[in-house]
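>>> predicted coordinates and the sequence they were generated for:
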Amino acid sequence: MSQAMTLARPYARAAFSLAHDAGSLPAWSDALAFAAHIAADPQVADLLGNPRLSDADAVTLLSPEVADDTFGRFLALLAENSRLPLLPEIAGLYDELRFEAERVVKAKVTSAVELPTGELETIKLALAKRFGRKVEIETAIDASLIGGAVIDAGDVVIDGSLKGKLGRLEAALSH
């Protein structure tokens, strides 16, 4: 496990606790995603490491306009402890905690071409049945798959792509 993840974990748990108590899990998810996206920008990352940038200015830079005061205080705590660069890891860990609490599986479906809505709905229903949870699907296109799709749902990866099938066939024939 990376040191960044180890350092980020207690902050993600704290953020989850604050958001859960306030009943604002989705809003915090959005705010953390916004802050993490900005903090991950190389120019901003350099700026966050600059001692001339005050903690208050860093919080202003990373706060979405719609964030509540508690989120601002959370960012201020991160700034005070020089943990703002951990925002991408904190946001990812927070979302894991949120999806676990909401019993949601996030799945990414990557296909060679855009899949029709009906096929995506069929995949979503099959995954919901398999995991016994609500499923949220994100889609991506990767023409190198040739055909079919790859479904990545956390710890489970289902490779139904032609590229994957050809790779397995090649491996079987070479042994």
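Done, it's in.

>>> care to break this protein down by domain?
Per automatic domain parsing, the structural domains of the chain span 3-100, 104-174.

>>> residue boundaries of the strands in this protein?
Counting by DSSP state E, the chain has strands at residues 104-111, 134-141, 149-153, 156-159.

>>> what would the ones you listed look like in CSV with distance to Leu173 and mean neighbour count?
Every C-beta, even on glycine, is put in place using the N, C-alpha and C of the backbone. CSV is the format used below for the strands of the chain (distance: least, Cβ to Cβ, whole Å; neighbours: other Cβ atoms under 10 Å):
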stretch, distance to Leu173, mean neighbour count
strand 104-111, 26, 19
strand 134-141, 29, 14
strand 149-153, 22, 19
strand 156-159, 18, 14
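
>>> most tightly surrounded among the domains of the chain?
domain 3-100 (a mean of 17; mean count of other Cβ atoms under 10 Å).

>>> returning to that earlier point: using TSV, please lay out the domains of the chain together with mean pLDDT.
Output for these, formatted as TSV (pLDDT from 0 to 100):
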stretch	mean pLDDT
domain 3-100	94
domain 104-174	91
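
>>> coming back round to it: the strands of the chain: which one's closest to Phe16?
Phe16 sits nearest to strand 104-111 of all the strands of the chain, at 14.0 Å, using Cβ to Cβ.

>>> check contacts around Asp69.
Under the criterion of Cβ atoms under 8 Å, 6 or more residues apart in numbering, Asp69 has no neighbours.

>>> about what we covered before: want to throw the strands of the chain into JSON lines with distance to Gly167?
Formatted as JSON lines, the strands of the chain follow (distance: least, Cβ to Cβ, whole Å):
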{"stretch": "strand 104-111", "distance to Gly167": "15"}
{"stretch": "strand 134-141", "distance to Gly167": "19"}
{"stretch": "strand 149-153", "distance to Gly167": "12"}
{"stretch": "strand 156-159", "distance to Gly167": "9"}
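
>>> how close does Arg83 sit to Gly132?
36 Å (Cβ to Cβ, to the nearest Å).

>>> no, scratch that, I was asking about Thr122
According to Cβ to Cβ, Thr122 stands 17 Å off from Gly132.

>>> for this structure, which helix extends over the most residues?
helix 3-22 (DSSP state H).

>>> that one packs against which elements?
helix 25-40, helix 69-80, helix 87-101 (3 or more Cβ pairs under 8 Å, 6 or more residues apart in numbering; DSSP states H and E).
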